[in-house]
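> Coordinates only, no sequence provided:
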């Protein structure tokens, strides 16, 4: 099987719209959550979100493409373009060996809301002929493929909050088994609108705190729900041999992937955490490295059921001794829950933590839950020698995904 390495990364996040800004603010423990500005919240219980700020799609797309694409696709395109520029892989691979695997949980829901409003107010003739292609969940993958001439498979992963991680994991398998040589992989989401927030609120998933500094509280006894976020993350994955042949810069080796389903409930995790534990265990086993120097970027949503279930899953996957020695954090304490983008952006965070030997913190963790008793790196980033970084994602529908990364030389040599 082919070894798979990461040679480029790009992000659009509530903490910044490029990798370096995002990482510096993440290490500093800054919070990207604030009052919702995208719609009037007067009639809403939920008042805060983790919005992307100062994003200009025209920095990445021409006016026509921007006008004919949903915001989630614009975020995806921006992250992919950044990752491609970072990697230098363009024009080094045959189009038929170059693919895309890009996830989203919801797809073009802003387009759906806007066009439905037109239908009700002005009738069917005013609905855009671009409504369907702008809305559907494969379009980010398709437009990225068009932009870069990727003629291998270009597919979405749609597994709710595990979408970004599943997209990256399936890209790993495509390259490992020889179906592709280079893949653009990641996830995107843009669902901060009145309809989506109302839906999440009424299913009692969102935090009702009006204080941005006391809303996203992973592993804290005060937690009461997640804070909705948005954005995108993208990785360039390629075979080690291809990277070596072109002398590429390498961030990490993507060395493990676990993907399971609870087969239990539409939204609730299984109480024994078996599925999440198996995804973590499978990813760690594939990494083939016996170490206690582990960092886990946890799913860590700040919902009562997720955080104690994930704590149990980590203990089951690694064994209690190794779990207690591992460093764990939820960057959702700073970015909110970016839904289908979360796994991809958190993979970037995990890779940078591994590369730099710096674990980002779980901020606002002032009242630890006794049922969440692992080391969640509260408040401040921590210097640590890490040998394996895991990034875990758990989605509605019982989808569980985990990615494992390990260090490799910074530049590949043939």
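Alright, I've got the coordinates. Just so we're clear, the structure is a prediction, and the values are computed from it rather than from any experiment.

> Can you show me the strands along this structure?
With DSSP state E, the ranges of strands along the chain come out as 4-12, 34-35, 48-49, 98-103, 154-155, 182-189, 231-239, 252-261, 294-297, 327-329, 358-359, 382-383, 388-395, 399-406.

> Who are the packing partners of the second one?
For strand 34-35, the helices and strands in contact under the criterion 3 or more CB pairs under 8 Å, 6 or more residues apart in numbering; DSSP states H and E are strand 48-49. Every residue, glycine included, has its C-beta placed from N, CA and C.

> list the buried ones in the longest helix anywhere in the chain?
In the chain, with assignment by DSSP state H, the single longest helix is helix 71-87. Buried residues in helix 71-87, counted by 16 or more other CB atoms under 10 Å: 71-84, 86-87.

> just those residues now: which is nearest residue 32?
When the buried residues of helix 71-87 are compared for distance to residue 32 (CB to CB), residue 75 wins out at 14.4 Å.

> Look up how far residue 2 lies from the closest residue to that closest one other than its chain neighbours.
What sits nearest to residue 75 in space, not counting adjacent residues and going by CB to CB, 6 or more residues apart in numbering, is residue 232, at 3.8 Å. Distance, residue 232 to residue 2, using CB to CB, to the nearest Å: 26 Å.

> what's the answer for residue 104, then?
Counting by CB to CB, the gap from residue 104 to residue 2 is 27 Å.

> Check residue 108 too.
According to CB to CB, residue 108 stands 34 Å off from residue 2.

> Looking at these two now, which is surrounded by more residues?
Legend: neighbour count by other CB atoms under 10 Å for residue 108 and residue 2, higher for residue 108 (26 against 18).

> show me what contacts the more buried one?
Shown in contact with residue 108 (CB atoms under 8 Å, 6 or more residues apart in numbering): 70-73, 134-137, 139.

> So which of those is the closest to residue 402?
Checking these against residue 402 by CB to CB gives residue 137 as the nearest, at 22.3 Å.

> Without its sequence neighbours, what residue ends up closest to that closest one?
Excluding its sequence neighbours, the residue lying closest to residue 137 (CB to CB, 6+ apart) is residue 107, at 3.4 Å.

> Could you list every helix and strand that the longest helix of the chain packs against?
Counting contacts by 3+ CB pairs under 8 Å, 6+ apart, helix 71-87 packs against strand 4-12, helix 109-122, helix 139-148, strand 182-189, strand 231-239.

> With respect to residue 268, which of the ones you listed lies nearest?
Once the helices and strands packed on helix 71-87 are compared by CB to CB, strand 182-189 is nearest, at 21.3 Å.

> rewinding a little: show me the contacts for the residue nearest to residue 137.
Residues near residue 107 by CB under 8 Å, 6+ apart: 70, 72, 135-137, 139, 158.

> What count of nearby residues applies to the nearest residue to residue 263 once chain neighbours are set aside?
Closest residue to residue 263 apart from its sequence neighbours, by CB to CB, 6+ apart: residue 398 at 5.9 Å. Neighbour count for residue 398, taken as other CB under 10 Å: 22.

> same thing with residue 194?
Residues lying near residue 194 (other CB under 10 Å) number 15.

> quick one, what contacts it?
Going by CB under 8 Å, 6+ apart, the list of residues near residue 194 reads 39-40, 44, 113.

> Model confidence for it, exactly?
Per-residue confidence (pLDDT) for residue 194: 98.

> gap between the nearest residue to residue 73 once chain neighbours are set aside and residue 153?
Counting by CB to CB, 6+ apart, residue 73 lies nearest to residue 140, which is 4.5 Å off, once chain neighbours are set aside. Look at residue 140 and residue 153: by CB to CB, they are 14 Å apart.

> The two: which has the busier surroundings?
Just comparing residue 140 and residue 153: by other CB under 10 Å the higher neighbour count belongs to residue 140, 34 against 16.

> Distance check, the more buried one against residue 209.
Counting by CB to CB, the gap from residue 140 to residue 209 is 31 Å.

> do the same with residue 239
Distance, residue 239 to residue 209, by CB to CB: 46 Å.

> do residue 149 as well
For residue 149, the distance to residue 209 equals 46 Å [CB to CB].

> which one of those two has more residues nearby?
Higher neighbour count among residue 149 and residue 209: residue 209, with 20 against 12, using other CB under 10 Å.

> Leaving out sequence neighbours, find the closest residue to that one.
Closest to residue 209 by CB to CB, 6+ apart is residue 215, at 4.0 Å.

> Pull the contacting residues for the one you found.
Residues near residue 215 by CB under 8 Å, 6+ apart: 33, 48, 207, 209, 227.

> The second one against residue 210, yeah?
Yes - here residue 48 lies in contact with residue 210, judged by CB atoms under 8 Å, at a distance of 6.6 Å.

> In the stretch 101-250 of the chain, where is pLDDT below threshold?
Low-confidence segments of the stretch 101-250 of the chain, defined by pLDDT under 70: none present.

> Span of stretch 377-384 from start to end?
This stretch, stretch 377-384, spans 11 Å end to end (CA to CA, to the nearest Å).

> Residue 48 and residue 210: which is more packed in?
residue 48 (24 against 13).

> Not counting sequence-adjacent ones, nearest residue to residue 375?
residue 327 (5.7 Å).

> go on, residue 169?
Nearest to residue 169 is residue 257, by CB to CB, 6+ apart, at 3.7 Å.

> now swap in residue 78 and tell me
Closest to residue 78 by CB to CB, 6+ apart is residue 60, at 4.5 Å.

> what sits against the residue nearest to residue 263?
Taking CB under 8 Å, 6+ apart as the criterion, residue 398 is in contact with 261-265, 269-270, 275.

> hmm, try it at 10 Å
Counting by CB atoms under 10 Å, 6 or more residues apart in numbering, residue 398 touches 159-160, 162, 260-270, 275-276.

> Among these, which one sits closest to residue 285?
Proximity of these to residue 285 (CB to CB) peaks at residue 260, which lies at 13.0 Å.

> What is the burial count for that closest one?
Neighbour count of residue 260, defined by other CB under 10 Å: 21.

> what sits opposite it in the beta ladder?
residue 400 (DSSP bridges).

> So that it lines up with my notes, have the first residue be 30 from now on.
In the new numbering, first residue 30, that becomes residue 289.

> ok, it touching residue 298?
No - counting by CB atoms under 10 Å, residue 289 does not reach residue 298; the two are 11.6 Å apart.

> Overlap in contacts, those two.
Common neighbours of residue 289 and residue 298 (CB under 10 Å, 6+ apart) are 304-305, 423, 427, 429.
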